[in-house]
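**Q** sequence first, then the predicted structure:
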Amino acid sequence: MQLTKHLAQGRLVYLSQQQDAITVSENDYYRWMAFSDIVQSVMHRRKPWQLTLPHQIALMLPLLFFRPKRIIELGLGGGNLTRFLQHLSSEIKLTTIDHSQGVIDSFEQYFNPEQAKLDIACADGMSWLAQQSAVELDWIICDVYQSQEFGFDAIVKQLETLTAKLNSQACLSINLPDISDSDINLCLTILQQLQPEHHITYFNIPNYLNIVIHLTPKDWPLHRLIKRNKQSYLPLVTMKRWRKFWPHGLQLN
């Protein structure tokens, strides 16, 4: 059964009465979180570490090229990326930041079935990141749900903060949901200007509104690494499958 059909057959298990408008629903196979009726993350109940939505795989594609030790994740949601990365390797030191205590509480109650001890903080992601040392970060992942009411200026400020903390050998991955073509082009131009020492590769996710952008160091031999990266955390079967996805990205430089 297709995932969309599963999501149409769920039963409500949690409804937030706060401003966040969080709902948690489930059926026998999946549990999912929605903000204002927009599904943000879906957990496979039998395999909670499994990625379930296409943009999540797109966000994780830099794992084809390097073995990050220190990862900052901005935006928790239902914790799909968090569970995946923590299941992948105990070597990964992951810190996740979310501005909503309601989201964090919902995650702990409904989306952390193994009761894993995770480093999660409630804070504004950009303010928190601005206080960190760029030297310590291998990979910044920004998957922050942002309502359109904040406007494009908020996205620009977000890009400025993210790139300011990106050192020459670190990677930055950004999910921009539901954004116009003109705004995407502006974002890409801004990123080129802010971080000229990085390659920019972006993905349009078919049948979804997400645009996933990756900034990778220019001295990374991507063509060689994608064929012969022996240092990846990824299992070989996953490596072989994900290698087919990367060529679908559009490169700016």
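**A** Received, thanks. Bear in mind that the values here come from a model prediction, so they are computed numbers and not experimental data.

**Q** which residues touch the residue nearest to H248 when sequence neighbours are not counted?
**A** By the measure of Cβ to Cβ, 6 or more residues apart in numbering, the closest residue to H248 outside its immediate chain neighbours is F203, 6.5 Å from it. No exception for glycine: its C-beta is placed from N, CA and C like everyone else's. Contacts were defined as Cβ atoms under 8 Å, 6 or more residues apart in numbering; by that measure F203 touches 58, 61, 211-213, 248-250.

**Q** list the buried residues for stretch 13-24?
**A** When neighbours are counted by 16 or more other Cβ atoms under 10 Å, the buried residues of stretch 13-24 are found to be 16, 20, 22-24.

**Q** before we move on, the earlier item: how about JSON lines for the contacts of F203, with secondary structure, distance to K69 and neighbour count added?
**A** As requested, these are arranged in JSON lines below (DSSP: H, G, I helix; E, B strand; the rest coil; distance: Cβ to Cβ, whole Å; neighbours: other Cβ atoms under 10 Å):
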{"residue": "A58", "secondary structure": "helix", "distance to K69": "22", "neighbour count": "26"}
{"residue": "L61", "secondary structure": "helix", "distance to K69": "18", "neighbour count": "21"}
{"residue": "I211", "secondary structure": "strand", "distance to K69": "28", "neighbour count": "22"}
{"residue": "V212", "secondary structure": "strand", "distance to K69": "22", "neighbour count": "25"}
{"residue": "I213", "secondary structure": "strand", "distance to K69": "23", "neighbour count": "24"}
{"residue": "H248", "secondary structure": "helix", "distance to K69": "28", "neighbour count": "13"}
{"residue": "G249", "secondary structure": "coil", "distance to K69": "24", "neighbour count": "16"}
{"residue": "L250", "secondary structure": "strand", "distance to K69": "29", "neighbour count": "11"}
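
**Q** ranges for the helices of the stretch 151-253 of the chain?
**A** With DSSP state H, counting those that start in this stretch as the definition, the stretch 151-253 of the chain shows helices at residue ranges 152-164, 181-194, 222-228, 236-242.

**Q** deepest-packed of these, please.
**A** helix 152-164 (a mean of 16; mean count of other Cβ atoms under 10 Å).

**Q** remind me which residues of the chain are low pLDDT?
**A** Applying pLDDT under 70 to the chain flags the ranges 1-6, 19-20, 145-150, 253.

**Q** what residue is smack in the middle of it?
**A** Most central in the chain under Cα atoms, centre = their mean is D143, positioned 4.3 Å from the mean C-alpha point.

**Q** now do that one against A34, distance only.
**A** When Cβ to Cβ, to the nearest Å is the yardstick, D143 and A34 sit 15 Å from each other.

**Q** go on, M43?
**A** Counting by Cβ to Cβ, the gap from M43 to A34 is 13 Å.

**Q** neighbour-wise, which of the two wins?
**A** Each of M43 and A34 had its neighbours counted (other Cβ atoms under 10 Å), and the higher figure belongs to M43 (26 against 20).

**Q** list the beta-bridge partners for that one.
**A** Following DSSP bridges, M43 is listed with bridge partners R31.

**Q** can you pull the contacts of it?
**A** With contact taken as Cβ under 8 Å, 6+ apart, M43 is in contact with 30-32, 52, 78-80, 83, 111.

**Q** hmm, 7 Å instead?
**A** Taking Cβ atoms under 7 Å, 6 or more residues apart in numbering, we find M43 in contact with 30-32, 78, 80, 111.

**Q** quick one: contacts of stretch 79-98?
**A** Applying Cβ under 7 Å, 6+ apart, the set of residues contacting stretch 79-98 from outside is 41, 43, 48-49, 51-52, 56, 59-60, 68-76, 104, 107, 111-112, 116, 118-123, 125, 128, 141, 143, 233.

**Q** picking up where we left off before, among the buried residues of stretch 13-24, which one sits closest to K165?
**A** Ranking those by separation from K165, with Cβ to Cβ as the measure, puts D20 on top at 26.4 Å.

**Q** narrow the buried residues of stretch 13-24 to those in strands?
**A** Secondary structure assignment by DSSP state E places 22-24 of the buried residues of stretch 13-24 in strands.
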